[in-house]
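1. Here you go, sequence then predicted model.
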Amino acid sequence: MTDVISVKFRRAGKLYFFSPGEFTIKTGDHVIVETARGVEYGDVVQGTHPVDDALVIPPLKEVLRPATEEDTAHEMENRSKEEEAFRACKEKIGKHGLDMKLISCEYTFDNSKILFYFTSDGRVDFRELVKDLASQFRTRIELRQVGVRDETKMLGGLGSCGRPLCCASYLNDFVPVSIKMAKEQNLSLNPVKISGVCGRLMCCLKNEEEVYEELNRKLPGVGDVVEAADGTKGEVHSVSILKQLVKVVVTLPGDEKEIREFPADDLTIKLKRKEKNRQRQEEMQHAEELKALEKKEKGSIKENEGGKEENRHRDRRPRNRHRGPKQEGGRNGKDAGSNA
């Protein structure tokens, strides 16, 4: 186990571990630490606490010092400078005619670097822009292209629920979200209803996914054949996931149908929808094979009948026998002899 403190540098940003060193640091304090971007002013989210060594990515850097009142004043001054740098960069983007949207601007604590975040549909050649900004602010300039989700996280806003966006208020990192989660929660698959401000699937779909997966395991699927505790059988019409109730289409005497509601615990699945569909497909395939066989047999019968009819016509035709010229050799011979 290693003693660390958890520090974040932006609202709803990622948490980073630092070694407290010889300092006593509590939750809510501010510290000065060294990062890959330079010296930074960070907020302590959790004071000194032990964590598993496997969670610590070496090398673990130590805190330079707890932040003083002068450090806090300098940080506030940097925040005001960021507004001025943002306006200046936006003007220069328009001057150069670049197809990019400026999102945010950040000063490092020691003013060694200014970071500009932007979005764009494609690659942008901003070399001339960087030269202009460097000549104006006399410091290192860095431009970073971000996606629409990061843009929304930086700008913030209100979701369709009326509350601040999850990504901008408490989510430290984005979690994978899929359309399967909306199906599990029986939500409308209308993209307008399940998409957030960024145009992607809402992050909050992940919040209750595990609960819905557990509840769905106890429910039959729509189309399954079930049997109730009292012996009633029918096909599942719809389910209420949170109430754990199932509506079943029951066939009554006289071939009438009725929808009844049962608790999920009182039902037993007799035939799954997939198995039922497979059986139907097998029956349809068997019926098609029978039809093809019958069609083939009818064709062979017609061929046989046609052959017999043709033979009958042949038998009825008059026979043309070839008869050669009559030879009246005796009489002709006599005539020839008499003439002689």
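-> In hand now; what should we look at?
2. quick check: domain ranges of this structure?
-> Domain segmentation of the chain under automatic domain parsing yields 2-67, 75-146, 152-209, 220-274.
3. right, and those domains - which one's nearest residue 293?
-> If you check each of the domains of the chain against residue 293 by C-beta to C-beta, domain 220-274 wins as the nearest, at 28.5 Å. In short, each C-beta sits where N, CA and C put it, glycine included.
4. coming back round to it: need the domains of the chain in a markdown table with mean neighbour count, mean pLDDT and distance to residue 290, can you?
-> Below are these laid out as a markdown table (neighbours: other C-beta atoms under 10 Å; pLDDT from 0 to 100; distance: least, C-beta to C-beta, whole Å):
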| stretch | mean neighbour count | mean pLDDT | distance to residue 290 |
| --- | --- | --- | --- |
| domain 2-67 | 15 | 86 | 65 |
| domain 75-146 | 15 | 90 | 58 |
| domain 152-209 | 15 | 87 | 38 |
| domain 220-274 | 14 | 86 | 24 |
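5. could you redo those domains as JSON lines and give each row distance to residue 295?
-> Listed next are the domains of the chain as JSON lines, based on distance: least, C-beta to C-beta, whole Å:
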{"stretch": "domain 2-67", "distance to residue 295": "69"}
{"stretch": "domain 75-146", "distance to residue 295": "58"}
{"stretch": "domain 152-209", "distance to residue 295": "42"}
{"stretch": "domain 220-274", "distance to residue 295": "31"}
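6. Let me see the ranges of the helices in the chain.
-> Using DSSP state H, the helices of the chain run over 69-96, 127-137, 148-155, 166-169, 179-184, 191-194, 209-217, 273-316, 329-339.
7. Run through the neighbouring helices and strands of the first one.
-> If I follow you right, that is helix 69-96. Other helices and strands packing on helix 69-96, by 3 or more C-beta pairs under 8 Å, 6 or more residues apart in numbering; DSSP states H and E, are strand 30-35, strand 38-51, strand 101-107, strand 113-119, helix 127-137.
8. same thing but at 7 Å, please
-> strand 101-107, helix 127-137 (3 or more C-beta pairs under 7 Å, 6 or more residues apart in numbering; DSSP states H and E).
9. Residues touching the shortest one, excluding its own?
-> What that stands for is strand 101-107. Identification of contacts with strand 101-107 by C-beta atoms under 7 Å, 6 or more residues apart in numbering yields 78, 81-82, 85-86, 89-90, 93, 114-120, 146, 151, 154-155.
10. now it and strand 113-119, what's the angle there?
-> Orientation check (axes from the mean of the first three to the mean of the last three C-alpha atoms, to 10 degrees): strand 101-107 against strand 113-119 gives 160 degrees.
11. For residue 187, see how far away the most centrally placed residue in the chain is.
-> Geometric centre of the chain, nearest residue: residue 178, 3.5 Å, by C-alpha atoms, centre = their mean. Separation of residue 178 from residue 187 (C-beta to C-beta, to the nearest Å): 13 Å.
12. and what of residue 248?
-> The gap separating residue 248 from residue 187 is 23 Å, by C-beta to C-beta.
13. Over to residue 66?
-> Distance from residue 66 to residue 187, by C-beta to C-beta: 47 Å.
14. now residue 161
-> For residue 161, the distance to residue 187 (C-beta to C-beta) stands at 13 Å.
15. partners of the closest residue to residue 237 other than its chain neighbours in the sheet?
-> Excluding the flanking residues, the one nearest residue 237 by C-beta to C-beta, 6 or more residues apart in numbering is residue 247, at 4.4 Å. As for beta bridges, residue 247 partners with residue 238, residue 261 under DSSP bridges.
16. I figured residue 247 was touching residue 261, is that so?
-> Yes: Residue 247 is in contact with residue 261 according to C-beta atoms under 7 Å; the separation is 5.3 Å.
17. So what's the gap between stretch 227-245 and the chain middle?
-> Here stretch 227-245 is found 30 Å from its chain centre; the criterion is C-alpha atoms, centre = their mean, to the nearest Å.
18. and it, how far apart are its ends?
-> End-to-end distance for stretch 227-245: 14 Å, by C-alpha to C-alpha, to the nearest Å.
19. Which residues does it contact?
-> Stretch 227-245 is contacted by residues 186, 212, 215-216, 218-226, 246-251, 259, 261-264, 266-268, 270 when judged by C-beta under 7 Å, 6+ apart.
20. which ones are touching residue 72?
-> Applying C-beta under 7 Å, 6+ apart to residue 72 gives the contacts residue 30.
21. Can you give me the pLDDT of it?
-> The model reports residue 72 with a pLDDT of 89.
22. again with residue 320
-> The model's pLDDT for residue 320 equals 53.
23. Then the one 10 residues further on?
-> Per-residue confidence (pLDDT) for residue 330: 46.
24. residues contacting residue 41?
-> Residue 41 makes contact with 30, 32, 67, 71, 75, 109, according to C-beta under 7 Å, 6+ apart.
25. and it, what are its bridge partners?
-> Beta bridges link residue 41 to residue 32 when assigned by DSSP bridges.
26. Check the gap between it and residue 257 for me.
-> Taken as C-beta to C-beta, the span from residue 41 to residue 257 is 70 Å.
27. likewise residue 227?
-> For residue 227, the distance to residue 257 (C-beta to C-beta) stands at 16 Å.
28. That concludes my questions; thank you for your assistance.
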